[in-house]
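> Sequence isn't available, so here's the structure alone:
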């Protein structure tokens, strides 16, 4: 499991533009220029897609989205907002969590691998 987590976070870090923030919390994203937020989210999407492909090949996937579904900026932002809403309902403060966590958590909860017939 630790190896699996290392692969995911290493891949996410590789794809984040090094001249931009290495991490960005939900709270910081609300105070940052939208173009910088989009650049960061694009890096997260690339990292998650890359690491997911590595994990699928070893049958260790964290989530199982349909192969024909592209992870876009629009649905990544939906995952962010929906996860933030769910966290507030559960008593957490999403402003303290990294956007990459919110996207990943949204993917994991939406596209579970149990009894998956989407692939």
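Done, it's in. Owing to the predicted nature of the structure, the values given are computational and were not obtained by experimental measurement. Numbering: from 1, shown residues only.
> For the protein, which segments count as helices?
When assigned using DSSP state H, the helices of the chain occupy the ranges 2-15, 26-29, 34-57, 73-89, 99-110.
> Okay, buried residues for the second one please.
When burial is assessed from 16 or more other CB atoms under 10 Å, helix 26-29 yields the following buried residues: 26, 28-29. Yep, even glycine has a C-beta here, placed from its N, CA and C like the rest.
> counting contacts, what elements does that helix pack onto?
Identification of packing neighbours for helix 26-29 by 3 or more CB pairs under 8 Å, 6 or more residues apart in numbering; DSSP states H and E yields helix 73-89, helix 99-110.
> now do the third one
Under the contact criterion of 3+ CB pairs under 8 Å, 6+ apart, the helices and strands touching helix 34-57 comprise helix 2-15, helix 73-89, helix 99-110.
> got the angle between it and helix 73-89?
Using axes from the mean of the first three to the mean of the last three CA atoms, to 10 degrees, the direction of helix 34-57 lies 90 degrees away from that of helix 73-89.
> do the last one as well
Between the axis of helix 99-110 and that of helix 73-89 there is an angle of 90 degrees, by the same axes, to 10 degrees.
> Quick one: residues contacting residue 95.
Applying CB atoms under 8 Å, 6 or more residues apart in numbering to residue 95 gives the contacts 25-27, 30.
> just to revisit the earlier point, make TSV out of the helices of the chain and add distance to residue 66.
Output for these, formatted as TSV (distance: least, CB to CB, whole Å):
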stretch	distance to residue 66
helix 2-15	20
helix 26-29	27
helix 34-57	12
helix 73-89	12
helix 99-110	11
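> I figured residue 87 was touching residue 97, is that so?
Yes. Under the criterion of CB atoms under 8 Å, residue 87 makes contact with residue 97 at 7.2 Å.
> Low-confidence ranges, this protein, go.
Flagging of the chain using pLDDT under 70 yields the residue ranges 1-21, 115-119.
> mind redoing it with 50?
Along the chain, segments meeting pLDDT under 50 span 16-19.
> rewinding a little: out of the buried residues of helix 26-29, which is nearest to residue 79?
Comparing the buried residues of helix 26-29 against residue 79 with CB to CB places residue 26 closest, at 11.6 Å.
> Perfect, I'm done here.
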